[in-house]
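>>> Fold the following, please.
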Amino acid sequence: MCDYSLQSIKSRPAKVGDELTTRDFGTGTRGFAASEDPCVAVCVLPGTELAFAQDVKRLSTRLWPWHTDGAIEYKTAIFRQINKDKVAAHHDALEFPDGQIILLTFLCEGQQATVLQLPAEPKTVIEMKAQQRAAYIG
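Next comes the predicted model:
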């Protein structure tokens with residue numbers, strides 16, 4: 001399952017080599033769409049490595065008027081899930097090389113990314129819990 005507000009969208013799991021696009025699915029969140037069908041959300045496992053075609057751009061927060069450029073000066077990121085203990089919160093996020101974590105829903109639409117590597121199979125209970133996606137029955 002993808003982020004909580006994408007539960008009603010057709011989805012599939014990510015695979016190595018997938019070409020993904022950030023997309024607003026009209027449900028209150030952005031996610032990754034499949035290149036072969038922009039209406040299909042691609043669910044990414046925590047720990048998956050992604051490479052973007054260009055520097056990642058996030059939506060302007062307008063909190064700081066001097067911060068006009070929403071660019072993050074990295075093209076690689078690791079998919080993470082945050083706020084797992086909160087039901088009605090966005091979970092899907094990207095961690096950049098400098099440690100900065102940005103919710104996927106705050107990225108600009110239309111950015112291209114490639115799945116470089118899926119996380120290794122968990123060997124311990126702790127690793128298994130770290131890779132579990134937040135899931136809610138609703």
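>>> So I82 sits against L94, correct?
No. Counting by Cβ atoms under 8 Å, I82 does not reach L94; the two are 10.3 Å apart. The C-beta positions use only the backbone N, C-alpha and C, and glycine is treated the same way.
>>> Of those two, which one has the most company?
Applying other Cβ atoms under 10 Å to I82 and L94 shows that L94 carries more neighbours, namely 25 against 16.
>>> partner strands of the one helix or strand that one maps to, parallel or antiparallel?
For L94, the host element (DSSP states H and E) is strand 92-95. Note on strand 92-95: by DSSP bridges, its sheet partners are strand 76-81 (antiparallel), strand 101-103 (antiparallel).
>>> Of all those strands, which one is nearest T124?
With Cβ to Cβ, the closest approach to T124 among these belongs to strand 76-81: 18.2 Å.
>>> what sits up against that closest one?
44-52, 56, 91-97, 101, 116, 133-134 (Cβ atoms under 8 Å, 6 or more residues apart in numbering).
>>> Tell me who's in contact with I101.
So I101 contacts R80, I82, A93, L94, E95 (Cβ under 8 Å, 6+ apart).
>>> if I look at it, how far off is F79?
Relative to F79, I101 is positioned 11 Å away (Cβ to Cβ, to the nearest Å).
>>> returning to what we had before: could you dump the strands paired with strand 92-95 into JSON lines and include distance to T27 and mean pLDDT?
Shown next, in JSON lines, are those (distance: least, Cβ to Cβ, whole Å; pLDDT from 0 to 100):
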{"stretch": "strand 76-81", "distance to T27": "18", "mean pLDDT": "94"}
{"stretch": "strand 101-103", "distance to T27": "15", "mean pLDDT": "92"}
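>>> Check the ones you listed for me and report the most buried one.
Comparing these by mean neighbour count (mean count of other Cβ atoms under 10 Å), strand 76-81 ranks first with a mean of 20.
>>> Could you give the separation of that one from the chain centroid?
7 Å (Cα atoms, centre = their mean, to the nearest Å).
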